[in-house]
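Asker: coordinates for the following, if possible.
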Amino acid sequence: MHQINLSPHVLERVRLLRGHLDARPLDLSKTAHLIVDLQIGFMEVGAPVEVPFAREIVPAVNSISAAVREGGGLNVFLRYLYDPEESKQWTTWYERFCHPDSAARSKKAFARGAREFELWPELEIRDEDWIVDKTRFSPFTQGTCTLHERLQERGIETVIVTGTLTNCCCESASRDAHQLNYDVIFVADANATLTDDEHNATLNNLCLHFADLAYADVLTKSLRASVAAQLAQPAA
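Answerer: Residues are numbered from 1 along each chain as shown. Presented below is the predicted three-dimensional model:
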């Protein structure tokens, strides 16, 4: 697992800015858990974009998913997709940022129907969960994914973010969600990237500007406590 290191200077600024460090209590009926890109192409040993730490977060992701599901919340499993039929191709990424060999490997691995495109088999997915494909780092990029519209139709106000890579797709989704007026909870030990330095850089920046941070065990217990409290209430 990543060794988490939050800057005390950042945490003090968060206290001054928001007056709290912990995530607020959730209404699970208005909450979606976004599980970002936990696909074979990012998870498997020797995969095109292997993130070894990502294999270690799966139990935590499954626990959060189960608690969200129990409380009537929504789990959304996001998949990174290369779509050659997309009307507006992402040329800045594939042609400017990627070497041609790297771009070709990525396009092949994350094309629909490719084995690497599929979700990691150790994820616990149920029929009521959503599987949503995206062609950019963020699922909220206008004109490339319908996630925002679907979440709005569902009445979602809060998103919990887990997955990989911390400092790429997970960070991009969190930043955009915040800009679209969602409350964002970023789970510090249920996101993964290639190095601790990259992971911690994202945590420190997100908690100051874009998201509340949470830890998987504490968040799961809080979600289950909310469910128990709802069940204990007398029927109207």
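
Asker: from now on I want contacts and neighbour counts done on CA atoms only, so please keep to that.
Answerer: Will do.

Asker: dihedrals phi and psi, the closest residue to Cys168 other than its chain neighbours?
Answerer: Excluding the flanking residues, the one nearest Cys168 by CA to CA, 6 or more residues apart in numbering is Phe137, at 6.6 Å. Taking degrees, to the nearest 10, you get phi -60, psi -40 for the backbone angles of Phe137.

Asker: from here on, count from 575
Answerer: Sure, I'll start counting at 575 from here, so that last one is Phe711.

Asker: count of residues packed around Phe711?
Answerer: Neighbour count for Phe711, taken as other CA atoms under 10 Å: 19.

Asker: is it true that it touches Ser746?
Answerer: Yes. Contact criterion CA atoms under 8 Å: Phe711 and Ser746 qualify, at 6.3 Å.

Asker: any buried residues in the longest helix along the chain, and which?
Answerer: Across the chain, the helix with the greatest residue count (assigned by DSSP state H) is helix 790-806. Neighbour-count burial for helix 790-806, with 16 or more other CA atoms under 10 Å as criterion, is recorded at 790, 793-794, 796-798, 800-801.

Asker: just stretch 660-668 next, same as before
Answerer: Judged by neighbour count using 16+ other CA under 10 Å, the buried positions of stretch 660-668 are Tyr668.

Asker: which residues are in contact with it?
Answerer: The contact list for stretch 660-668 (CA atoms under 8 Å, 6 or more residues apart in numbering) reads 674, 677, 710.

Asker: what residues are up against the first one?
Answerer: If a contact means CA under 8 Å, 6+ apart, then Pro674 has Tyr668 as its contacts.

Asker: distance check, it against Phe711.
Answerer: Using CA to CA, to the nearest Å, Pro674 is found at 19 Å from Phe711.

Asker: what of Asp703?
Answerer: 21 Å.

Asker: check Ala788 too.
Answerer: For Ala788, the distance to Phe711 - CA to CA - is 22 Å.

Asker: how about Gly717?
Answerer: Computed as CA to CA, the Gly717 to Phe711 distance reads 13 Å.

Asker: got the end-to-end distance for stretch 594-611?
Answerer: Terminal residues of stretch 594-611 are spaced 30 Å apart (CA to CA).

Asker: name the residues that touch the longest strand seen in the chain?
Answerer: Ranked by residue count, the top strand of the chain under DSSP state E comes out as strand 757-766. With CA under 8 Å, 6+ apart as the test, strand 757-766 has contacts from 575-576, 578, 597, 625, 627-628, 631-632, 634-635, 731-740, 744, 748, 751-752, 773, 777, 784-790.

Asker: can you show me the strands along this protein?
Answerer: Counting by DSSP E, the strands of the chain are 605-610, 648-654, 704-708, 732-738, 757-766, 786-788.

Asker: for the record, mean pLDDT for stretch 726-738?
Answerer: Stretch 726-738 carries an average pLDDT of 98.

Asker: list the buried residues for that stretch?
Answerer: 730-738.

Asker: can you map out the helices along this structure?
Answerer: Assigned by DSSP H, the chain shows helices spanning 582-592, 614-617, 626-630, 632-644, 665, 674-683, 721-728, 745-753, 770-783, 790-806.

Asker: for stretch 672-680, buried residues please.
Answerer: For stretch 672-680, a neighbour-count test (16+ other CA under 10 Å) marks 677, 680 as buried.

Asker: ignore what I typed, I meant stretch 738-754.
Answerer: For stretch 738-754, the neighbour count (16+ other CA under 10 Å) marks 738-741, 743-752 as buried.
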